[in-house]
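Asker: all I have is the shape, not the residue letters:
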């Protein structure tokens, strides 16, 4: 069953075409990768799905509902949350608070409740703290709960971003180069984490990644973009042996890798 | 020495005794002295001392309440300077409230606002127009000035009108960011002032540059509020409400979303924080504090004119926030208090003292160099020094510390529902 469907999506920035007629179907509960050389339009593609950019033409459907024209925060409410290529944490806030912001859409407290500290608001706040803490435990950051986010190591910041994205209880999680800048050990842990999250939170994961080892290991479906256009799609084995992909991106070494 | 200090920091009893002696000595000297600014300031400083004790929050609030409600007015009432002290204390309260409002906009939501005084003006004119005969000029029905009892409703009204202006200003202004936002808000602040200055034609609503005079004093149970010592209590009540509100909001969903927007707009949006609504709420809530105090200000001065709402006032409030520590509630309170007292008490006292010296012929200081004239220069110097050596402000903003033990316990209790217990990653992390 497909959860996300994109039809003929195009984005032009003035004379520059960042995406041209990209269509893809993402299966529910799958791990799907979008790969391609730098400047192929992968992040633009993510930005269109999450509402940061409006597509020039084309349709985005989440469970058959149109996402075009929605503001980013509404897209998040609909069930798509994401991480960023260049980490965007709330640096001066604590690790725990970062995750708590992720739950924003699920909190019902109103002005009145907050002002008078009503029991329901208090209860909700406590539950939020506990759930945020559990998520920190999940990604292994629970001992840093009161630390400022900017003081974490690079790999830890990446994990915190994932925890924050998960906190929104999304249907689809978009990861933009989650393994960038990680060492092999961290990448391995991340691979396990993504798989585990998919299973335990019943997620669909869509990721952009340059680390082919990670991509080939976890993805069930791969889409390849080049110069804004989709040049191939299929299972990892197919992609690895696709001459077009090898020419544009992988290089001939990839055929023998892994 | 250090060991002694450490011991003191751990010993609540020692802190209590010291605080008690301090308050006792300062309040006694304020009580006995005819006019002693030093004693007055030192008694106020006891609140700072109280802030640094390790008592429970409730205890601190109670002690502060006793000092402010009973001790300060009572001990000051014995000397000649009673009303002038209360005047200063009232103004301090007004400025603290405004600084706390601006702190929400600038410190928490990160939106630099250089026209904040506009909301104060809106509050002041809201009461000023209807509490003088002015409203007769454009309101054919009704009898103006309204009676002093209406003041209490006008506090609420000022709050809402200012919040409304905050939203109205916010809608166009929030399309721009950063430096541009600062310039646009500056423009808005000036526009409001100039409108009030010119709204005497074609329909005389604000009486223009002449201002509105003899504003009806507030009245409660047949008693007219005329003296600063009476307004002191009005301001105190609003101030406590303001502090209470700010603290509540700061550690709530809304406070977190303000800070998230300040830290990273794109990420905040991606996490479901509605940008426009969050910013508007910051503007509206910040403005509402100003609006309330504007009403009080109009009643206290019994006179409203546009010269009280210049750009310089906006900047003074901004300086209070920066001096105290952006985003830090105790810091902003301290910053506003220090700035106001420095402005109203210390500089004028030093000027008086120097004047006395020059009249007695000891030294001769040209009038142009008197400290009260150099106020702006002194504030400017202060700002430069702070920017260089303590950019975080007097009491820097601190994040709330969450209790790890309690959360662990809560997490165990609620485990197994949504989130599986064991972590996929080894707990030992390298950082």
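Answerer: Nice, thanks for sending it over. What you see is a predicted model, and the numbers here were worked out from it, not measured in a lab.
Asker: for residue A:174, which three-state class applies?
Answerer: Three-state assignment for residue A:174 (DSSP: H, G, I helix; E, B strand; the rest coil): strand.
Asker: what does the stretch 251-400 of chain B have sitting close to chain A?
Answerer: Within reach of chain A by C-beta under 8 Å from any C-beta of the partner chain, the stretch 251-400 of chain B has these residues: B:252-254, B:256-257, B:259-260, B:262-264, B:266-275, B:399-400. To be clear about C-beta, it is placed using only N, CA and C from the backbone, and glycine gets the same treatment.
Asker: also the stretch 101-250 of chain B?
Answerer: Within reach of chain A by C-beta under 8 Å from any C-beta, the stretch 101-250 of chain B has these residues: B:245, B:248-249.
Asker: can you list the residues you listed in CSV and add secondary structure, neighbour count and pLDDT?
Answerer: Converted to CSV, these look like this (DSSP: H, G, I helix; E, B strand; the rest coil; neighbours: other C-beta atoms under 10 Å in any protein chain shown; pLDDT from 0 to 100):
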residue, secondary structure, neighbour count, pLDDT
B:245, helix, 18, 91
B:248, helix, 17, 90
B:249, helix, 21, 91
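Asker: of all those, which comes closest to residue A:153?
Answerer: Nearest to residue A:153, judged by C-beta to C-beta, of these is residue B:249 at 32.5 Å.
Asker: how many neighbours does the residue of the stretch 1-150 of chain B found nearest chain A have?
Answerer: Residue nearest to chain A within the stretch 1-150 of chain B: residue B:110 (10.0 Å; C-beta to the nearest C-beta). Residue neighbour count, defined by other C-beta atoms under 10 Å in any protein chain shown, stands at 23 for residue B:110.
Asker: now residue A:229
Answerer: As a burial measure, residue A:229 scores 16 neighbours (other C-beta under 10 Å).
Asker: grab the nearest non-local neighbour of the residue nearest to the spatial centre of chain B.
Answerer: Centroid-nearest residue in chain B, with C-alpha atoms, centre = their mean: residue B:96, separated by 2.0 Å. For residue B:96, ignoring the flanking residues on the chain, the nearest one in space by C-beta to C-beta, 6 or more residues apart in numbering or on different chains is residue B:336 at 4.3 Å.
Asker: ok so, going back, my guess is the residue nearest to the centre of chain B contacts residue B:239, does it?
Answerer: Yes - judged on C-beta atoms under 8 Å, residue B:96 makes contact with residue B:239 at a distance of 6.0 Å.
Asker: what about the strands in the chain?
Answerer: All of this is about chain A. Per DSSP state E, chain A carries strands over the ranges A:2-13, A:16-27, A:31-35, A:57-62, A:65-66, A:80-82, A:172-176, A:204-208, A:221-226, A:229-234.
Asker: nope, chain B
Answerer: Applying DSSP E to chain B gives strands spanning B:212-213, B:219-220, B:223-224, B:303-304.
Asker: hmm, who's touching the third one?
Answerer: For strand B:223-224, the external contacting residues (C-beta atoms under 8 Å, 6 or more residues apart in numbering or on different chains) are B:148, B:217-218, B:230.
Asker: mind doing that once more with 6 Å?
Answerer: With contact meaning C-beta atoms under 6 Å, 6 or more residues apart in numbering or on different chains, strand B:223-224 is reached by residue B:217.
Asker: repeat that for the last one.
Answerer: Contacts of strand B:303-304 from elsewhere in the structure, counted by C-beta under 6 Å, 6+ apart, are B:124, B:128, B:211-213, B:298.
Asker: so how far is it from its chain's centroid?
Answerer: Strand B:303-304 has its C-alpha centroid displaced from the chain centroid by 21 Å (C-alpha atoms, centre = their mean, to the nearest Å).
Asker: list the neighbouring strands of it plus their orientation.
Answerer: With DSSP bridges as the test, strand B:303-304 is paired with strand B:212-213 (antiparallel).
Asker: likewise the second one?
Answerer: In its sheet, strand B:219-220 lies beside strand B:223-224 (antiparallel), with partners assigned from DSSP bridges.
Asker: state the distance from residue A:16 to residue A:184.
Answerer: Using C-beta to C-beta, to the nearest Å, we find residue A:16 at a distance of 36 Å from residue A:184.
Asker: sorry, back to before: my guess is the residue nearest to the centre of chain B contacts residue B:333. True?
Answerer: Yes - under the criterion of C-beta atoms under 6 Å, residue B:96 makes contact with residue B:333 at 5.3 Å.
Asker: just the buried ones from the residues of the stretch 251-400 of chain B next to chain A?
Answerer: B:252-254, B:256-257, B:259-260, B:262-264, B:267-275, B:399 (16 or more other C-beta atoms under 10 Å in any protein chain shown).
Asker: residues touching the spatially closest residue to residue B:275 that is not a sequence neighbour, list them.
Answerer: Excluding its sequence neighbours, the residue lying closest to residue B:275 (C-beta to C-beta, 6+ apart) is residue B:269, at 5.5 Å. By C-beta under 6 Å, 6+ apart, the contact list for residue B:269 reads A:72-73, B:275.
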